[in-house]
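Asks: build me a structure from this.
(2 chains)
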Amino acid sequence: MLKYIIRRLLIMIPMLLLVSIVVFTLAQLMPGDPFGGEIDPTKLKPEQIEEKREQLGYNDPILVQYGRWLSNFVQGDFGKSISYKTDVSVLIKQRLDNTIFLTILALIITYAISFIMGLYSGKKPYTIGDYAINGFNYLALAIPSYVLAIAFIYIFAFNLQWFPSSGSVGMGVEEGTWEYWMSRLNHTLLPAIVLGAFSAASYTQFLRNDIIDNSRKDYVRTARAKGTSESNIYNKHILRNSLIPIVTLFGFDLAFMINGAVITETIFTYPGIGKLFLDSVGKQDYPLIMTLTMMFAVIVIIGNMLADILYSLVDPRVKVE
Amino acid sequence: MKTQDVTEKPILEVNNLETGFTIDNKFYNAVDKVSFSVKPNKIVGIVGESGCGKSVMSLSIMNLLPKGIGEIANGTILFDGNEINKLNNNEMNKIRGKDMSMIFQEPMTALNPVFTVGYQIMETLINHSDISKKDAKLKSIDLLKSVGIPRPEKIVDEYPHQLSGGMRQRVMIAIAIACKPKLLIADEPTTALDVTVQAQILELMKTIQQENNMSIILITHDLGVVAEMCDEVIVMYAGKIVEKTDVDTLFHNPKHPYTKALIQSVPKLDVIQETLGTISGIVPSLKNMPEQGCRFVDRCSMAKSECRTKTPTLKPTVDLGQADDSKEHLVSCLLYDEA
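Replies: Coordinates of the predicted model:
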């Protein structure tokens, strides 16, 4: 197992190198530069702009620029954000725990909802309860998250005033106190529900169909012939089998959550990685864009690896080597 | 009747069983007014082609019919004197696996792939007795040993996919006999196995049957298996019993044209045969079952015109040259009606 993980991590290196080339090229292909919106042409002489560009190395050949960026990157120097005038690593660190908090909350919501609904639907398919759950799922899958987010803000934040509509924590609460964490939870819950709703719906459908599928299998008949109670048949025999596809999804979902958080965080003006990424693209903040994209790539690759490892843990027929 | 027959109370009595499926809101009988009984310590074979209702009948006895699709419409099933077809699922669970258990045709899929062999045997024990997990595991190892599995203390922790088909079927038998049931229903237990493994499994079943004094209902379409294993034979065709007798009589003096045809379609080693006897046509499907007359009429070489209009009933028949009247021989064919 350890050997497998090490090998997978080593394979990551060439993959990330390829990703870095693509990311760098795409960033270079974007028209304009970070100064585009910030320069006042009436006050600044073209020579001064040119001097600044020269100073930042934007006039060097592309390969030189790429080499410089890469060598800095592998040494842990992600550069300085042009728009925020701060180290990229500091910027990311500030926002990363917000995004992690949001992702964990969204995952908890996803699993809680999908297991309750999926188990019910799978046990009692083609009943009124099952149809209601299916209806809910199709609705959750069909509504784009930005529409849902706006609707939620309108209903729960604006009209009912249950939750704040923006930010990650209330003003003036002391860090580390009970109020602080409750305030964070309060701020994060609404975006987490929006983020989790889509996954919850697809997980529920997955679980439901897999349970129905499994309940027709021969081993269930064997379990019945042994005198196993219906609850044990569903909660042990079938669920243990239906867990396999769900667990495999977890790895991919990790990447999806951070991906999906771009939109959700922006709408809720939630200071996380997703919003930072969208802002950085808008401002053509190269160092930030490239670092974040590389980070997303790492998360996707690690998520895939995690999925494979989890798969081998829940399914005895699968062995990683 | 001899005295021994009176004292031997049957372990299982099936009376006028009608089981069927609802297709497009219409009910079709897959098992039609079937009656038979199984005496203690006897092996009863049920033979017939695919689609004759053998499996449906065995699932009816176990109350394992697919929910909402198949159901028992009529008749009674008495197990050990109790009417089990009236029991609910929880009550049935106390009998299933304990007094009555079942082995299935497909050992590759009959075991749960994500649990160890040991867990699946232990489950039966834990379902039916207050046994600790540790003791259950030790007993599982014993059971594996008794069904002829080598290195049972290692196999007990393995998963079904690590075992061959024959080994899995042995595990299934271990599960089925874990609580020493009075009746074992084996639904084509060797059909999916190699011929050499088949013989081993049958041998094992026979040994276990004798050791534990249990009765077996052996469902098969292999007449060789019947001859080898069974005391009594029931021949089923299209949901009905067409012939019922002891195994010697059946092979030496088959009466029903269907039984005769079945026996003729078994290759014989001592006779040089160019062509093997076959029965043309197939078993009529549930939807195309003739309303009246004999259900075998379209494939019968001895059919008369009245076979299409008059429905035969299962009646005792006299075996010529057989003075022993204790041997029951029932046949459902108009050819023997006058006799």
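Asks: ok, then the element right after the helix or strand bottoming out on mean pLDDT in chain A?
Replies: Using mean pLDDT, DSSP states H and E, the weakest-scoring helix or strand in chain A turns out to be helix A:46-56, at a mean of 77. For helix A:46-56, the following helix or strand on the C-terminal side (DSSP states H and E) is helix A:62-74.
Asks: list the contacts of that following helix.
Replies: Residues from elsewhere that reach helix A:62-74, judged by C-beta atoms under 8 Å, 6 or more residues apart in numbering or on different chains: A:20, A:21, A:24, A:28, A:57, A:58, A:60, A:78, A:79, A:290, A:291, A:294. All C-beta spots, glycine's among them, are computed from the backbone N, C-alpha and C.
Asks: just the buried members of the residues you listed?
Replies: Buried residues within the contacts of helix A:62-74, counting neighbours by 16 or more other C-beta atoms under 10 Å in any protein chain shown: A:20, A:24, A:78, A:79, A:290, A:291, A:294.
Asks: I figured the first one hits residue A:294, correct?
Replies: Yes. With contacts defined as C-beta atoms under 8 Å, residue A:20 counts as touching residue A:294 at a distance of 6.3 Å.
Asks: what about the least confident helix or strand of chain A, distance to the chain center?
Replies: How far helix A:46-56 lies from its chain's middle: 38 Å, per C-alpha atoms, centre = their mean, to the nearest Å.
Asks: relative to helix A:62-74, how tilted is it?
Replies: Note on geometry: by axes from the mean of the first three to the mean of the last three C-alpha atoms, to 10 degrees, helix A:46-56 and helix A:62-74 are set 50 degrees apart in direction.
Asks: okay, the angle between the helix or strand containing residue A:6 and helix A:62-74?
Replies: Assigned by DSSP H and E, residue A:6 belongs to helix A:2-29. Helix A:2-29 and helix A:62-74 are oriented at 140 degrees to each other (the same axes, to 10 degrees).
Asks: list the buried residues of helix A:2-29.
Replies: A:8, A:12, A:16, A:19, A:20, A:23, A:24, A:27.
Asks: ditto for stretch A:99-119
Replies: Buried, per 16+ other C-beta under 10 Å, within stretch A:99-119: A:99, A:101-103, A:105-107, A:109-111, A:113-115, A:117-119.
Asks: over to stretch B:268-283?
Replies: For stretch B:268-283, a neighbour-count test (16+ other C-beta under 10 Å) marks B:279, B:283 as buried.
Asks: same thing with stretch A:143-158?
Replies: Within stretch A:143-158, the residues scored as buried using 16+ other C-beta under 10 Å are A:143, A:145, A:148, A:149, A:152, A:153, A:156, A:157.
Asks: is it true that the fifth one touches residue A:194?
Replies: Yes. Between residue A:152 and residue A:194 there is a contact at 5.9 Å, judged by C-beta under 8 Å.
Asks: okay, who's weakest in the buried ones among the contacts of helix A:62-74 by pLDDT?
Replies: The lowest pLDDT within these belongs to residue A:79, with 81.
Asks: secondary structure element holding the nearest residue to that residue once chain neighbours are set aside?
Replies: In this structure, residue A:79 finds its nearest non-sequential neighbour in residue A:287, 3.4 Å apart by C-beta to C-beta, 6 or more residues apart in numbering or on different chains. In this structure, residue A:287 sits in helix A:286-314 according to DSSP H and E.
Asks: what's the angle from that helix to helix A:62-74?
Replies: Using the same axes, to 10 degrees: helix A:286-314 against helix A:62-74 is 60 degrees.
Asks: I'd like to know which elements helix A:286-314 is packed against.
Replies: Counting contacts by 3 or more C-beta pairs under 8 Å, 6 or more residues apart in numbering or on different chains; DSSP states H and E, helix A:286-314 packs against helix A:2-29, helix A:62-74, helix A:88-123, helix A:239-267, helix A:273-282.
Asks: and the angle for the longest one with helix A:273-282?
Replies: Spelled out, it's helix A:88-123. Counting by the same axes, to 10 degrees, helix A:88-123 lies at 130 degrees to helix A:273-282.
Asks: can you check the second one too?
Replies: Between the axis of helix A:62-74 and that of helix A:273-282 there is an angle of 160 degrees, by the same axes, to 10 degrees.
Asks: in helix A:62-74, what's buried?
Replies: A:65, A:66, A:69, A:73.
Asks: residues of the stretch 151-300 of chain B that sit close to chain A?
Replies: Within reach of chain A by C-beta under 8 Å from any C-beta of the partner chain, the stretch 151-300 of chain B has these residues: B:159, B:161, B:172, B:175, B:176.
Asks: residue contacts, the second one?
Replies: By C-beta under 8 Å, 6+ apart, the residues touching residue B:161 are A:316, A:317, B:113.
Asks: what of the third one?
Replies: Going by C-beta under 8 Å, 6+ apart, residue B:172 touches A:222, B:103, B:104, B:107, B:110, B:111, B:189.
Asks: residue B:209: how many residues sit nearby?
Replies: Counted by other C-beta atoms under 10 Å in any protein chain shown, the residues lying close to residue B:209 total 20.
Asks: which intervals of the stretch 151-300 of chain A have sub-threshold pLDDT?
Replies: A:259-260 (pLDDT under 70).
Asks: residues from it in reach of chain B?
Replies: Contacts of the stretch 151-300 of chain A with chain B, taken as C-beta under 8 Å from any C-beta, map to A:216-219, A:221-230, A:237, A:240-241, A:244.
Asks: doesn't residue B:13 belong to a strand?
Replies: Yes. Counting by DSSP: H, G, I helix; E, B strand; the rest coil, residue B:13 is found in a strand.
Asks: and the residue nearest to it when sequence neighbours are not counted, what are its phi and psi?
Replies: Leaving out its chain neighbours, the residue that sits closest to residue B:13 by C-beta to C-beta, 6+ apart is residue B:78, at 4.1 Å. Residue B:78 adopts backbone torsions of phi -100, psi 120, taken as degrees, to the nearest 10.
Asks: against chain A, how distant is residue B:78?
Replies: Taking C-beta to the nearest C-beta, to the nearest Å as the measure, residue B:78 falls 19 Å from chain A.
Asks: if we can go back for a sec, are any of the contacts of residue B:161 buried, and which?
Replies: By neighbour count, with 16+ other C-beta under 10 Å, the contacts of residue B:161 hold A:316, B:113 as buried.
Asks: got the domain ranges for chain A?
Replies: What automatic domain parsing lists as the domains of chain A is A:2-74, A:95-314.
Asks: what's the span of the longest one from first residue to last?
Replies: Criterion C-alpha to C-alpha, to the nearest Å; first-to-last residue distance in domain A:95-314 is 33 Å.
Asks: mind checking how far it is from the chain centre?
Replies: Distance of domain A:95-314 from the chain centroid (C-alpha atoms, centre = their mean) equals 9 Å.
Asks: got it, and stretch B:51-66?
Replies: Counting by C-alpha atoms, centre = their mean, stretch B:51-66 is centred 9 Å from the centre of its parent chain.
Asks: same check, this time on stretch B:110-121
Replies: Worked out by C-alpha atoms, centre = their mean, stretch B:110-121 lies 24 Å from the chain centre.
Asks: is that stretch in proximity to chain A?
Replies: Yes. Stretch B:110-121 reaches chain A (C-beta under 8 Å from any C-beta) through B:110, B:111, B:112, B:113, B:114, B:115, B:120.
Asks: just the buried members of those residues?
Replies: B:110, B:111, B:112, B:113, B:114, B:115, B:120.
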